[in-house]
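Trainee: Generate a structure from the sequence data that follows.
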Amino acid sequence: MAASVSLDRLPPTTASYVIATAIIAGVTGFFIGQGAALGLFSSSSAKKSWPNSYDVKVHRGSSDEGEDEDIEEEEEEGESEEEEDDGGELATFEGNTDEVKLVLVVRTDLGMGKGKIAAQCSHATLACYKYYLSKSPNSPILRRWERGGQAKVALQVKTEEEMLLLQAQALSLGLCARVIQDAGRTQIASGSRTVLGVLGPKSVVDTVTGHLKLL
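Mentor: Residues are numbered from 1 along each chain as shown. Next up is the predicted model:
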């Protein structure tokens, strides 16, 4: 008569748990990936703006509204300066063969930042050029300045009175001398005179501004 042998069930090993866990994780990940591809987990807060329908979260600073505000600020800054409407008779400086240069005299007592100074100097440069074009478009002085690389030098003064005195001296010599007056929409008070531009032969310009320090 055959004897029956009772075998006790052995407990699962650690390796079995690891293998089972890996299988479950793989199956779960597969179904989650399929659901995401079908858009089952999409959020209404995401903005679909790409052709492949990927959900793209747009940063608040890059919104259309933010861009409009930046444009308005740039336009306002660009309109914040005005050119004074005074000027003098331009001399022809016949026989003068000096290099032609533009001196930009900047007031330092206004506390303008670097960006503001750069903007004001740009206005002064354009003001001098436009004045020559309107008063003497065929002037050899202007043509020499254009062909010579449009030399520019930035100098400094500490008061408005000194700036206006320099302008008067330049005008008396027949130089182009333009003062920029600010509208006061950004850093400084309205009506502030910020930069004086003086354009002409080097030897003549230096008689007016040669004693000033570099900015």
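Trainee: how about the strands of the chain, start to end?
Mentor: Assignment of strands within the chain using DSSP state E yields the ranges 47-48, 55-56, 81-83, 100-107, 151-157, 176-182, 193-201, 213-214.
Trainee: a markdown table for those, including mean neighbour count, distance to Ala124 and mean pLDDT?
Mentor: From N, CA and C alone the C-beta is placed, and that goes for glycine too. Supplementary listing: these in a markdown table, determined by neighbours: other C-beta atoms under 10 Å; distance: least, C-beta to C-beta, whole Å; pLDDT from 0 to 100:
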| stretch | mean neighbour count | distance to Ala124 | mean pLDDT |
| --- | --- | --- | --- |
| strand 47-48 | 12 | 45 | 42 |
| strand 55-56 | 12 | 45 | 42 |
| strand 81-83 | 18 | 9 | 54 |
| strand 100-107 | 24 | 6 | 98 |
| strand 151-157 | 17 | 10 | 98 |
| strand 176-182 | 24 | 5 | 95 |
| strand 193-201 | 26 | 3 | 97 |
| strand 213-214 | 8 | 16 | 97 |
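Trainee: Which among those is found nearest to Ala20?
Mentor: Comparison of the strands of the chain against Ala20 by C-beta to C-beta identifies strand 55-56 as nearest, at 34.0 Å.
Trainee: do you know which of the strands of the chain lies nearest Gln120?
Mentor: Go through these one by one with C-beta to C-beta and the one that ends up closest to Gln120 is strand 193-201, at 4.4 Å.
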